[in-house]
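> I would like to see how this sequence folds:
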Amino acid sequence: MTAILNKARIICTDHLPDGRPASLNKYSKKWHLAFVAIYCSRTLFSLVKNHNSKVSRIPDHVSLPIPPENGCFKIDETTLTDIVKEKKLGKLQIIGGVNGVASSLQTSLDSGIQGGAEDVARRHEAFGSNTYKKPLSKSIFHFVVEAFNDFMILILLGCAALSLGFGVKEHGLKDGWYDGGSIFVAVFLVISVSAISNYRQNRQFDKLSKVSNNIQIDVIRSGRRQHISIFDIVVGDIVCLKIGDQVPADGLFLDGHSLQIDESSMTGESDHVEVNSKKNPFLISGTKVVDGYAQMLVTSVGMNTTWGQMMSHVNGDKNEQTPLQVRLNKLTSAIGKAGLAVAFLVLVVLLVRYFTGNTTDENGNTEFNGRSTKADDIINAVVGIVASAVTIVVVAIPEGLPLAVTLTLAYSMKKMMADQAMVRKLSACETMGSATTICTDKTGTLTLNQMKVTKFWEGKKAIDGASSSISPFVVSLIHQGVALNTTGSVYRGSSRSEFEFSGSPTEKAILSWAVLDMKMDQEEIKRNFTILFVEAFNSQKKRSGVLIKKKEDNTVHVHWKGAAEMILAMCSSYYDASGVMKDLNGEEGMEFKKIIQGMAASSLRCIAFAHKQVAEAEEENVKEKKKLKEENLTLLGLIGIKDPCRPGVKKAVEDCQYAGVNIKMITGDNVYTARAIATECGILRPRQDMDSGVVVEGEEFRRYTPQERMEKVEKICVMARSSPFDKLLMVQCLKQKGHVVAVTGDGTNDAPALKEADIGLSMGIQGTEVAKESSDIVILDDKFASVATVLKWGRCVYTNIQKFLQFQLTVNVAALVINFVAAICAGEVPLTAVQLLWVNLIMDTLGALALATEKPTKELMKKPPVGRTEPLITNIVWRNLLAQAFYQVAVLLILQFRGESIFNVTESVNDTLIFNTFVLCQVFNEFNARKLEKKNVFKGIHKNKLFLGIIGMTIVLQVLMVEFLKRFAGTERLNWGQWGACIAMAAVSWPIGWIVKCIPVPERPVFSYLKWKKHI
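Residues are numbered from 1 along each chain as shown. Okay, the predicted model is just below:
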């Protein structure tokens, strides 16, 4: 048989082409392999047949293993996706387990992928990128259609169409299109401006959404731990996961301890799932890490994951309505009803006057003469009357209010982004303006989060400088406790390069101290020990522990690290500097407590290390109970970590306090450290901490009865050694007392408090993904000064809406009264449909743009917080708008009934004077609206270029309307004297605004007893 095979090989070789092309595409390669296999099998068959004619029949086809299509990788995407999605443990074992998958993906379990541009490009081509297809954003056409859906606009368009038809029929195309065409142009202008504004704001929100989804992930590439964007992860990457992280892609568990995953976002099940290398190594994209830490091997990204497929069908448009928008919608509805009533009365009056023959045309002839009047004339007149009535409704309904809210929210969100605050929920912008209490973390928010070990105590002796004065045995135990009980890592490219430390700021500080001062070699220690079990650190326990086995002698050790007083309570002995173990009795314990208090009083965070060698049987006991030994430990040493206060934090705290906002610091540090930092930041005044109840510990606050907590919660300024539950409890108590509460948080366990608070503020640098998703605003630089900036912008949003509301309601009141009185008394409306639409455009869109983009001023932080139930239209707003509205109504009514005789002009010129004066009154009143209480309305106006630009544009367009668009706007040209008269009458708005602001108003809302209180 061997001879046959050898002969077959020779024949096959002889019949093959002399050489293969240098480069074949993948399909050519497959056909080439198939040709070789079939040809060789036939040759072999013929040889066997000649050798022995009695052979079994072979099939007429051959199955060929086709190499994967993803280049040089030995496994394809379909196989990887199937294994992880379906959690096929058996199939994973067949291909060599996690190690086999890593080998197929050319990933080193120690150093990860190479990570160069070429390597990443190959993986992108073979397995795709970690992005998903997003639903198409709304086009501008969508917003145009949305604007057309306004019922009143549709009626106006109908009236315009009828007017256009009758006008062309009666006067011909050359002159008959003006009335109807003018309304068409005006309506389309209003729609276009509205659609473009909404489209731009939608684009702005989309951009902010992209930023919020760009999560930073820790990966290992070329042996180096580094931060990359979630969108840059590729198949084969090794990702480092810790508590609070979102799993960024589908993958397999490589290494780690006590990993608990919340899969509720994918499965709906609230129970946490344990992930390990034996029974369940599968990690699903979009799930959250709730405990432990691990390294995972990425197997599928982007659209090949369930999360990616799900997100590609989720539309980012939540149509979220903020509380302020809801209130304004109710107000709009209430004003709209009043406008409809006025419009209906005007319609009835005008129809009655027309059909009773009390109206005349331009030549003084009666318009309706019974049966002698043509049907076309009657219909044309009725259409004109209906158009006027509908236009009154359009002007009366303040549909610009929602636009103003959208504009000011979008503008403030953009500016807040520049000020290191990313808004996740629109409602937080306005709610922050009402905040009365801010509960803030210490680390990273009030402090720099740049930690460094500055004190080290071995026993009762302070150690300065090198570790040579300490027993080598104790030093080796400290090395073990630091190197193996950590979520951080140390990287050094070569012996000449500097060390790079990764992990949390606390971990990096400890590792830096151990490596540089204590000469620790983390890699060597990891090679000499096996980690058996880990109790990961969280903000509830405030400590972490590890069970390890020494490979050399199989001895088992427990190491603990954490808050000094908590570790001290677990110890019954301690090592002195010479390595002698001594009993830790009550007297010795008090001395250690004084050492801890002394470091804490110097604003140091105190960390302790403890150790105990345990019996080998303890290994099985720990695996069964999943709990490390916590008593009779030996104290190894104490360190003090300095975290300086941020520059400017004291000024930011003072600004908030001056604005009537209480600042409370909630920290996990001990009471002495907390008190020292709070005093340094200005939260506590010198000697204020001596007052009973100002500084409390979380445990003490928990022990209060509900009644005691409610009595004392407002007095508390600092809560030390607090747990996330304590923070939640404080928020609940403050809200019950009527406070509007803002809370900062960064940990996974802070999520309940962030959700419970009126405004949740998560930290962008130290915050976990769970905390960020539970918050309303992400503070990107973790600074308290940015929290104060958010407070200022929140107040600015609220004030800007009030400014626009005052401006628009003035126009509403004046327009309704003028048209109603003129219709009743004179039988006609002084302002045409086109003119009213132009006024509507000025106040709705241009006015919103001008007033909604005012920047925050220092005066905003000199006012007390706006109450939760305080009306939007305050007594101050009522005072200002009614004074201006009464003046405008008085001036325009005088012009309506005495204008022709005063100025000795025709009726058409008088109507133009009324229109021009009305518009210019709004221009001047726009300046008054800039300041609700301040008399100097021009202060800071040079900084708002948009406001000045809109004012200038409005004036230019008004001149065009009056002087050059006679047929379109129904106006007559005015001379210099008439323009001067219009400007003079409008300019009186300024002195009136100044005088009115001298009139005091009561604090209690005037309309508090009316039903309208619900709307305003």
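
> which regions of the stretch 401-550 of the chain lie under the pLDDT threshold?
By pLDDT under 70, the low-scoring segments of the stretch 401-550 of the chain are 401-403, 465-467.

> cutoff 90 now
Within the stretch 401-550 of the chain, the segments meeting pLDDT under 90 span 401-434, 441-450, 459-471, 487-489, 491-498, 500, 502-506, 517, 532-542.

> what are the ranges of the helices in it?
Along the stretch 401-550 of the chain, the segments classed as helices by DSSP state H, counting those that start in this stretch run 427-431, 472-484, 505-516, 522-528.

> which one of the ones you listed is the most hemmed in?
Mean neighbour count (mean count of other C-beta atoms under 10 Å) peaks for helix 427-431 among the helices of the stretch 401-550 of the chain, with a mean of 25. All C-beta spots, glycine's among them, are computed from the backbone N, C-alpha and C.

> Other residues contacting that one?
Contact with helix 427-431 is made by 320, 322-324, 409, 412-413, 416, 423, 740, 758-760, 776-777, 793-794, 797-798, 801, as judged by C-beta atoms under 8 Å, 6 or more residues apart in numbering.

> ok, now with 10 Å
320-327, 405, 408-410, 412-413, 416, 421, 423, 425, 435, 740, 742, 757-761, 775-777, 790, 793-798, 801, 866, 868 (C-beta atoms under 10 Å, 6 or more residues apart in numbering).

> Show me what the helix or strand hosting Val383 is packed against.
Counting by DSSP states H and E, the element that carries Val383 is helix 375-396. Contact partners of helix 375-396 among helices and strands, from 3 or more C-beta pairs under 10 Å, 6 or more residues apart in numbering; DSSP states H and E: helix 151-176, helix 178-213, helix 323-355, helix 784-826, helix 833-841.

> for the fourth one, the distance to its chain's centre please.
For helix 784-826, the distance between its averaged C-alpha position and the chain's averaged C-alpha position is 28 Å (C-alpha atoms, centre = their mean, to the nearest Å).

> Ala822 contacts Leu892, doesn't it?
Yes. Counting by C-beta atoms under 10 Å, Ala822 does reach Leu892; the two are 8.7 Å apart.

> When those two are compared, which one has more neighbours?
More crowded of Ala822 and Leu892, by other C-beta atoms under 10 Å: Leu892, with 27 against 20.

> Was I right to think that one contacts Thr917?
Yes. Applying C-beta under 10 Å, one finds Leu892 in contact with Thr917, separated by 6.7 Å.

> what is in contact with those two at once?
Counting by C-beta under 10 Å, 6+ apart, the common neighbours of Leu892 and Thr917 are Gly899, Met985.

> What's the per-residue pLDDT of the residue lying closest to Arg221 once chain neighbours are set aside here?
Excluding the flanking residues, the one nearest Arg221 by C-beta to C-beta, 6 or more residues apart in numbering is Gly115, at 3.2 Å. Per-residue confidence (pLDDT) for Gly115: 86.

> Ok, Arg42 next?
51.

> Ok, Thr869 next?
Looking at Thr869, its pLDDT reads 67.

> what's the answer for the one 4 residues further on, then?
Reading off the confidence values, Ile873 has pLDDT 81.

> again with Thr306
In this model, Thr306 is scored at 79, pLDDT.

> And it, how close does it get to Asp262?
Noted for Thr306: a distance of 15 Å to Asp262, by C-beta to C-beta, to the nearest Å.

> Pick out the residue closest to the middle of this structure.
Central residue of the chain (C-alpha atoms, centre = their mean): Arg424, 2.4 Å from the mean position.

> residue contacts, Val239?
Val239 touches 112, 217-220, 228, 230, 233, 245, 247-249, 251, 254, 283, 294-298, counting by C-beta under 10 Å, 6+ apart.

> if we go to 6 Å?
Val219, Met296 (C-beta atoms under 6 Å, 6 or more residues apart in numbering).

> Quick check: beta-bridge partners of it?
When bridges are called by DSSP bridges, Val239 pairs up with Val219, Met296.

> hmm, back to that, the residue nearest to Arg221: neighbour count?
A total of 21 residues lie near Gly115 under the criterion other C-beta under 10 Å.

> which SS class is it?
Three-state call for Gly115 (DSSP: H, G, I helix; E, B strand; the rest coil): coil.

> tell me which element Val290 is part of?
Val290 is part of strand 288-300, with elements assigned from DSSP H and E.

> Alpha carbons of the helix or strand following that strand, as PDB, please.
Per DSSP H and E, the first helix or strand lying C-terminal to strand 288-300 is helix 306-311. Extracted in PDB, the C-alpha atoms of helix 306-311 (Å, rounded to 0.1, in the frame of the first residue of the first chain):
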ATOM      1  CA  THR A 306     -26.400  41.000  20.700                       C
ATOM      2  CA  TRP A 307     -25.900  44.400  22.300                       C
ATOM      3  CA  GLY A 308     -24.800  45.900  19.000                       C
ATOM      4  CA  GLN A 309     -27.800  44.500  17.100                       C
ATOM      5  CA  MET A 310     -30.100  45.700  19.800                       C
ATOM      6  CA  MET A 311     -28.600  49.200  19.900                       C
END
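
> buried residues in helix 306-311?
Thr306, Trp307, Gly308, Met311 (16 or more other C-beta atoms under 10 Å).

> Tabulate those residues (a markdown table), appending distance to Leu836.
Listed next are the buried residues of helix 306-311 as a markdown table, based on distance: C-beta to C-beta, whole Å:
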| residue | distance to Leu836 |
| --- | --- |
| Thr306 | 55 |
| Trp307 | 52 |
| Gly308 | 52 |
| Met311 | 47 |
